[in-house]
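Asker: Could you work out the structure for the sequence below:
(2 chains)
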2 protein chains.
Amino acid sequence: MDIHELLTAARAGSQRATGRLLSLVESDRRDDVLAVLQSRPVRTVGITGPPGAGKSTTVAVLVAAYRARGLRVAVLAVDPSSPYSGGALLGDRIRMAAHINDPGVLIRSVATRGHLGGLSAAVPAAIRLLAALSYDIVVLETVGVGQSEVEIAAVADPTVAILNPGAGDAVQAAKAGLLEVADIIVVNKADREGADQTVRDLHIETGMPVLKIIAAENTGIDDLVGAIDAHHRTDDPRRRAARARLQILSLAQSALRTHPGLAELSAAVAGGDLDVYTATARLLDGVQVTPE
Amino acid sequence: MDIHELLTAARAGSQRATGRLLSLVESDRRDDVLAVLQSRPVRTVGITGPPGAGKSTTVAVLVAAYRARGLRVAVLAVDPSSPYSGGALLGDRIRMAAHINDPGVLIRSVATRGHLGGLSAAVPAAIRLLAALSYDIVVLETVGVGQSEVEIAAVADPTVAILNPGAGDAVQAAKAGLLEVADIIVVNKADREGADQTVRDLHIETGMPVLKIIAAENTGIDDLVGAIDAHHRTDDPRRRAARARLQILSLAQSALRTHPGLAELSAAVAGGDLDVYTATARLLDGVQVTPE
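Answerer: From the prediction side, this is the model:
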């Protein structure tokens, strides 16, 4: 099937066709797909947080809440170790399994270059594709603590940080720069000891309201959906331009870091054969924005 | 005076001429200065840490230790709020004042673009200039917690993180990504309560040896100098190439972030007139490595 046939099949409900199109936007045929897509606004939500905080459980109940509202939902797991691509706990799989046969829900992992590689170049294109395929909301889930958590804030709006009671998660989130980029902070497993103290500490640290949920019991999810809705309603051109700026810089960073000439230029500088300014100029001169 | 005359005067001991040359490498005449400099190896040390950790006091006693060994020392304070350019506590000024009239010590602040701007483009050139002027060691001091702390690791080797007893500094350092880039971790004010616990916590967190000093009493400084020396002795081409790579990427990042076309490209993406890949390609296409 060519791209037009795949789009037709995907619009008719073929998740297999959608999957093949998502693979194409991760490949060097990305531009061919983008060229035939109509631009359509889509709501995005980023779900980040340390491992074990309950991100997958939260995503599962969020998906259910959006489905109950009649919205079509796509989940992109932005990490190679994501539950959806192999590293799953059985519990996560079971929770998401409720949505596996729902044609209004798409679940897909997106390859990344790891936490130092900048934004996965495929992510903005994948979101545009899912928008064109009439998904109403795209949930981006990151796994682990690292740069990917921060990069996701360039495309997701709002970015929701899921943390647990106790100091450990807060420190990890701070370490990852997550508290600075989060738009909504959520303490999950809020029935555990110390939850109120963690909520207070996070509020003092960030100056932001902090929500309490118990995702596994579907408690507090309406408030979370409400906070996400409120954030979407207040979007404006200035915030969109700020995200676009972050995306451009992050894609540029990815292109620079993965440039095949960088190692040689670095060795030349280290060996005293080239000054670092000339090396930088040469790197910038030769960089193309290519798929990963 | 032209550049050659300034170099002659600086070599003859004129700190005023050295200051003017450092101003030139921060200006659009940087390349003119670099073009006439002979390359000469120089040792660098980065001193970073949260505000109040005792960086300036540590730098002052380090400078004294190097002077006692007959080495010529240059201190570059990489921050606009540095003690040397205005934001000083009186105590810091008094401690550094011991070196003000010593012709073997140069103290100078370097303008930066703030913590999001990437490496100050002037810093690698300033180090090359100071090397050519026969300084034996360049101490780079950063102030505050932010990206500049991490960027300094691209040029300094080793990077020394100065922290205080208690959890506060460790969390701040973790937040700034400092613990990941530090080569040597130092707990200053080690006579305070909780110092041994902080040393243990930092050792567990980082897997690195952690030194204890009391900079204000000149205690532990010989061990710190020894650790810095040991790090210099083990430098190798691989580590130099890794630093060169970080410098190139950081300078490129600075050039991208400060590009005059970025705002317009971001607005075009936000408005749906341009896709983010084309915007990134145009940005990379038009970027020059210019002075800040």
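Asker: Is whatever helix or strand A:Leu22 lives in in proximity to chain B?
Answerer: Using DSSP states H and E, A:Leu22 sits within helix A:15-25. No: residues of helix A:15-25 are not located near chain B by Cβ under 8 Å from any Cβ of the partner chain, the shortest gap being 10.4 Å. Quick note: C-beta positions are derived from backbone N, CA and C, even for glycine.
Asker: what comes up buried for that helix?
Answerer: Within helix A:15-25, the residues scored as buried using 16 or more other Cβ atoms under 10 Å in any protein chain shown are A:17-18, A:21-22, A:24-25.
Asker: With stretch A:219-239 instead?
Answerer: By 16+ other Cβ under 10 Å, the buried positions in stretch A:219-239 come out as A:220-221, A:224-225, A:227-228, A:231.
Asker: Show residues contacting that stretch.
Answerer: By Cβ atoms under 8 Å, 6 or more residues apart in numbering or on different chains, the list of residues contacting stretch A:219-239 from outside reads A:43, A:45, A:58, A:61-62, A:65-66, A:157-158, A:160, A:183-184, A:186, A:190, A:209, A:211-215, B:267, B:270-271.
Asker: chain center to that stretch, what's the gap?
Answerer: Offset of stretch A:219-239 from its chain centre (Cα atoms, centre = their mean, to the nearest Å): 16 Å.
Asker: Just the element for A:Thr44, please.
Answerer: Following DSSP H and E, one finds A:Thr44 within strand A:43-48.
Asker: so how far is the helix holding A:Leu22 off the chain centroid?
Answerer: Going by Cα atoms, centre = their mean, where helix A:15-25 is centred and where its chain is centred differ by 18 Å.
Asker: Downstream of that helix, the next helix or strand is which one?
Answerer: helix A:30-36.
Asker: Which strands or helices does that following helix pack on?
Answerer: helix A:3-11, helix A:15-25, helix A:122-132, helix B:276-286 (3 or more Cβ pairs under 8 Å, 6 or more residues apart in numbering or on different chains; DSSP states H and E).
Asker: Now tabulate the buried residues of helix A:15-25 in a markdown table and tack on pLDDT.
Answerer: Output for the buried residues of helix A:15-25, formatted as a markdown table (pLDDT from 0 to 100):
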| residue | pLDDT |
| --- | --- |
| A:Ala17 | 93 |
| A:Thr18 | 92 |
| A:Leu21 | 93 |
| A:Leu22 | 90 |
| A:Leu24 | 90 |
| A:Val25 | 88 |
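Asker: which one of the residues you listed is nearest chain B?
Answerer: A:Val25 (10.4 Å; Cβ to the nearest Cβ).
Asker: Give me the most central residue, chain A.
Answerer: For chain A, the residue nearest the mean C-alpha position is A:Leu140 (3.5 Å; Cα atoms, centre = their mean).
Asker: Could you pull up the residues touching that one?
Answerer: A:44-47, A:76, A:78, A:123, A:152, A:155-156.
Asker: If we use 6 Å, what do you get?
Answerer: A:46, A:76, A:78, A:152, A:156 (Cβ atoms under 6 Å, 6 or more residues apart in numbering or on different chains).
Asker: Let me see the ranges of the strands in the stretch 51-200 of chain A.
Answerer: For the stretch 51-200 of chain A, the strands defined by DSSP state E, counting those that start in this stretch cover A:73-77, A:105-109, A:137-141, A:159-163, A:184-187.
Asker: looking at these, which one has the lowest mean pLDDT?
Answerer: Among the strands of the stretch 51-200 of chain A, strand A:105-109 has the lowest mean pLDDT, at a mean of 85.
Asker: what about that one, distance to the chain center?
Answerer: The answer for strand A:105-109 is 12 Å, by Cα atoms, centre = their mean.
Asker: what packs against it?
Answerer: In terms of contacts (3 or more Cβ pairs under 6 Å, 6 or more residues apart in numbering or on different chains; DSSP states H and E), strand A:105-109 is packed against strand A:73-77.
Asker: Paired strands for the strand it packs on, with orientation please.
Answerer: Taking DSSP bridges as the criterion, strand A:73-77 sits next to strand A:105-109 (parallel), strand A:137-141 (parallel) in its sheet.
Asker: what's the closest of these to A:Ile3?
Answerer: A:Ile3 lies closest, by Cβ to Cβ, to one member of the strands paired with strand A:73-77: strand A:105-109, at 17.9 Å.
Asker: Of the buried residues of stretch A:219-239, which pair is most distant in space?
Answerer: Every pair of these checked by Cβ to Cβ; the farthest is A:Gly220 and A:His231, at 16.4 Å.
Asker: quick revisit: highest neighbour count among the contacts of A:Leu140?
Answerer: A:Leu76 (29 neighbours; other Cβ atoms under 10 Å in any protein chain shown).
Asker: Deepest in the core, which of the helices and strands packed on helix A:30-36 is it.
Answerer: Of these, the one with the most neighbours on average (mean count of other Cβ atoms under 10 Å in any protein chain shown) is helix A:122-132, at a mean of 24.
Asker: can you list the weak-confidence ranges in the stretch 1-150 of chain A?
Answerer: A:79-98, A:100, A:111-119, A:143-150 (pLDDT under 70).
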